[in-house]
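Asks: Dropping the sequence and predicted coords here.
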Amino acid sequence: AQTVTQSQPEMSVQEAETVTLSCTYDTSESDYYLFWYKQPPSRQMILVIRQEAYKQQNATENRFSVNFQKAAKSFSLKISDSQLGDAAMYFCAYRSYLRYSGGGADGLTFGKGTHLIIQP
Amino acid sequence: DVKVTQSSRYLVKRTGEKVFLECVQDMDHENMFWYRQDPGLGLRLIYFSYDVKMKEKGDIPEGYSVSREKKERFSLILESASTNQTSMYLCASSFRGPNTGELFFGEGSRLTVL
């Protein structure tokens, strides 16, 4: 079974600075997807960024970028020019293929999360 | 706009009560999921469904059951609520098949069992 580890329960950064959230994972698969989800205090999880394992190029979405190291099984999230609205729980997730007798369904394995605090 | 709606944001129940948590999605997704979220433990999969009337156990199914009678609706049932089921419950949905695997989440249902 796949596991996802986020070693930083909490991180704090000054507004406008850059912060990096760490994530490592363990899998025997060679093809998979990785995600970072954000959960603001309103509690609805939203997708921040996704990375396909077969792509060598790191994904970017505006101020958010990842550093994907496939051999090291590492997938960190960098937030540039941090804003107050970035304050949230951030979850790293791995796309697993959950098998059943007649087919399959896509599900995610999540890390335990990193609480990001933005200091004004 | 994508929408996953959970019927109750906050519930308070007593030990032994039967509890229903409802989830509806309007995106015609085949897959639906119930996760439980606890501080320091992240999200853990309880059950998922890949089609109407089909269900599969996740990582922590004990004490829970599910029902999917219609494609858009996925219910989580606690037959006899216990205090250790006090938690935040998140419903999610996704398309099935070769895709990016993105899940769309509801706002969550916070259940307190006294």
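Replies: It's in. Numbers count the residues shown, from 1 in each chain, chains lettered A, B, ... in the order given.
Asks: Only C-alpha atoms from now on, for both contacts and neighbour counts.
Replies: OK.
Asks: which phi and psi does A:S42 have?
Replies: phi -70, psi -10 (degrees, to the nearest 10).
Asks: low-scoring stretches of chain A, by residue?
Replies: Scanning chain A for pLDDT under 70 picks out the ranges A:96-106.
Asks: Near the spatially closest residue to A:E52 that is not a sequence neighbour, how many other residues are there?
Replies: With sequence-adjacent residues excluded and distances taken as CA to CA, 6 or more residues apart in numbering or on different chains, A:E52 is closest to A:Y33, at 4.7 Å. For A:Y33, the tally of surrounding residues (other CA atoms under 10 Å in any protein chain shown) stands at 19.
Asks: is it true that A:Y33 touches A:A59?
Replies: No - taking CA atoms under 8 Å as the definition, A:Y33 is not a contact partner of A:A59, at 11.5 Å.
Asks: so what sits against both of these two?
Replies: A:R50, A:Q51 (CA atoms under 8 Å, 6 or more residues apart in numbering or on different chains).
Asks: which residues does B:Y10 bridge with?
Replies: Beta-bridge pairing for B:Y10 (DSSP bridges): B:R110.
Asks: Give me the neighbour count for it.
Replies: 11.
Asks: go on, A:A87?
Replies: 20.
Asks: Could you measure from the residue nearest to A:E52 over to A:F75?
Replies: As judged by CA to CA, to the nearest Å, A:Y33 and A:F75 stand 11 Å apart.
Asks: And B:T15, by the same measure?
Replies: 41 Å.
Asks: between those two, which one's more packed in?
Replies: More crowded of B:T15 and A:F75, by other CA under 10 Å: A:F75, with 25 against 14.
Asks: For that one, list the residues it contacts.
Replies: A:S22, A:C23, A:T24, A:Y25, A:L34, A:V66, A:N67, A:F68, A:Q69 are the contacts of A:F75 under CA under 8 Å, 6+ apart.
Asks: among those, which ones are buried?
Replies: A:S22, A:C23, A:T24, A:Y25, A:L34, A:V66, A:N67, A:F68 (16 or more other CA atoms under 10 Å in any protein chain shown).
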